[in-house]
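Colleague: What would the 3D arrangement of this be:
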Amino acid sequence: ESIKSIATEIKKSSANAEDQIAGALQYDQREVRYLGIEIGENSHKPSSADETLKRRYGDCKDKAVLLISLLRELNIEAYPALVNTDLKKELINTLPSISSFDHVIVQIRHNNKSYWLDPTRQYQYGSLKDIYQPYYDYALVINQDEKILTPIKPDQVKSRYFVKDTFDLTSENRNEVTYTSESEYYGLNAERTRNQLATNGLTKTQSDYLDFFKGYYPSIKTIEPFTYTDKPSQNKLYGHEKYSIENFWVINESKTKYNENFYANAVPSYLKEPEQPTLKEPVRITYPVNIKQTIEATFNSDGWEFSNEHFVEDNEFFYFLSDVKYDDSKKLLTLDYEYKSKASYVSADKIDSYIEALNRAGDNLGYGIYENIKTSAPAAEESPIDWPVVIIATYVILFLLVFFLWLYDSRRNPF
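Modeller: Numbers count the residues shown, from 1 in each chain. Down below sits the predicted model:
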């Protein structure tokens, strides 16, 4: 009865089947705490949906059974799906065993499509089309018709992250550079950011962001408090940050130029070389990742010259783009960066080529600019000192001084 009651409330909220699926998932995630007491038969046997509802906590098996019960009450076809969160793709190469799996999610079949949902996750808002689906490569669907492992196809779209950084260089005072950063998180990244805000709070999150930017601009300061706008219906989250950077320009050693660099700071963590690459073990890659970052710098004077540049690194592991454009009419420099991971790991025999690709991309992660320092006209060049002449002149002056002093003294004391 409790399952029927909840399903009835979900139906009242929307007549759309996809919205009902999302509603059932969000109820399970929100109302039942994820907690596993896996001893005895509970290591493999799930609790009933009614029992899980009464105690309001459960492990992945319990929460999966509850979600499936709600979905079936909503006339949605759903099954448990066993996965291995560590082996992932390598699962298909292992022998069948009861210990081959460490997690269970839910497969939904709707309108001739398969959807994979994990009720142990949190903060998954929006409709079914907006919810990120976990990617574990293969799953064993618990259904009498299934005889083999079922592939899980990744969805890069639901892990997007957009960043737009703006540098206002129009102030006459070089110590007043305004830096604005606007972010859009979608799907997986929206979940992670909501979790960060819920765990750390807004103040701690803003402090962490400021510390991160200090790694690039040590004198950066916060102008406005960090704000975010959540769009649950679209599973999107928007962030806004505003800073001021003192001593943005750095004078070079010869004191002839002002230098500064712009950095694609959202990308470098994904382009780091493996700490100890070996030929024996594969290297894991964060997957999926889908990042776009745009940096805009506005100037207040003419005379700036920038060459348009375009670089692409596209291989079996990742895609990276760097693009530089300058609009002289708007005095606007635009730097576009993009990174997408294409695999979850690099096999041992391909690590060398992977590192070479990382280095090529890493050389295009930043962009430096400079401005010549205007100086006054140089002073007239002084003639070099003729030391022999100076010495002779000094000797003559001293000789004359001694002579006149002797002459003066001799008049006072006549012979």
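
Colleague: Spell out, range by range, the helices that occur in this structure.
Modeller: Using DSSP state H, the helices assigned to the chain run over residues 2-13, 17-31, 49-55, 60-73, 188-214, 351-362, 387-412.

Colleague: Of those helices, which stretch is the most buried?
Modeller: Neighbour counts averaged per stretch over those are highest for helix 60-73, at a mean of 24; criterion: mean count of other C-beta atoms under 10 Å. Using the backbone N, CA and C atoms, a C-beta is placed for each residue, glycine as well.

Colleague: Against which helices or strands is that helix packed?
Modeller: Helix 60-73 sits against helix 2-13, helix 17-31, helix 49-55, strand 77-83, strand 103-110, with contacts defined as 3 or more C-beta pairs under 8 Å, 6 or more residues apart in numbering; DSSP states H and E.

Colleague: weakest of the helices of the chain in terms of mean pLDDT?
Modeller: Within those, the stretch with the lowest mean pLDDT is helix 387-412, showing a mean of 76.

Colleague: any chance of the helices of the chain in a markdown table, plus distance to Ile369?
Modeller: Formatted as a markdown table, the entries for the helices of the chain read as follows, by distance: least, C-beta to C-beta, whole Å:
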| stretch | distance to Ile369 |
| --- | --- |
| helix 2-13 | 53 |
| helix 17-31 | 47 |
| helix 49-55 | 59 |
| helix 60-73 | 51 |
| helix 188-214 | 19 |
| helix 351-362 | 19 |
| helix 387-412 | 48 |
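
Colleague: In the sheet, which residues pair with Glu241? Tell me.
Modeller: The residues listed as beta-bridge partners of Glu241 by DSSP bridges are Ser181.

Colleague: Can you tell me how far it is from Ala81?
Modeller: Computed with C-beta to C-beta, to the nearest Å, the distance linking Glu241 and Ala81 is 39 Å.

Colleague: Those two: which is more packed in?
Modeller: Neighbour totals were compared for Glu241 and Ala81, and Ala81 leads with 27 against 21 (other C-beta atoms under 10 Å).

Colleague: Leaving out chain neighbours, which residue sits closest to that one?
Modeller: Across the structure, with C-beta to C-beta, 6 or more residues apart in numbering as the measure, the residue nearest Ala81 apart from its sequence neighbours is Ala139 (4.0 Å).

Colleague: picking up where we left off before, ok, which of the helices and strands packed on helix 60-73 comes nearest Pro134?
Modeller: Pro134 sits nearest to strand 103-110 of all the helices and strands packed on helix 60-73, at 6.2 Å, using C-beta to C-beta.

Colleague: can you list contacts of that closest one?
Modeller: 17-18, 21, 60-61, 64, 67-68, 71, 76-85, 114-119, 128, 134, 136, 139, 141, 150 (C-beta atoms under 8 Å, 6 or more residues apart in numbering).
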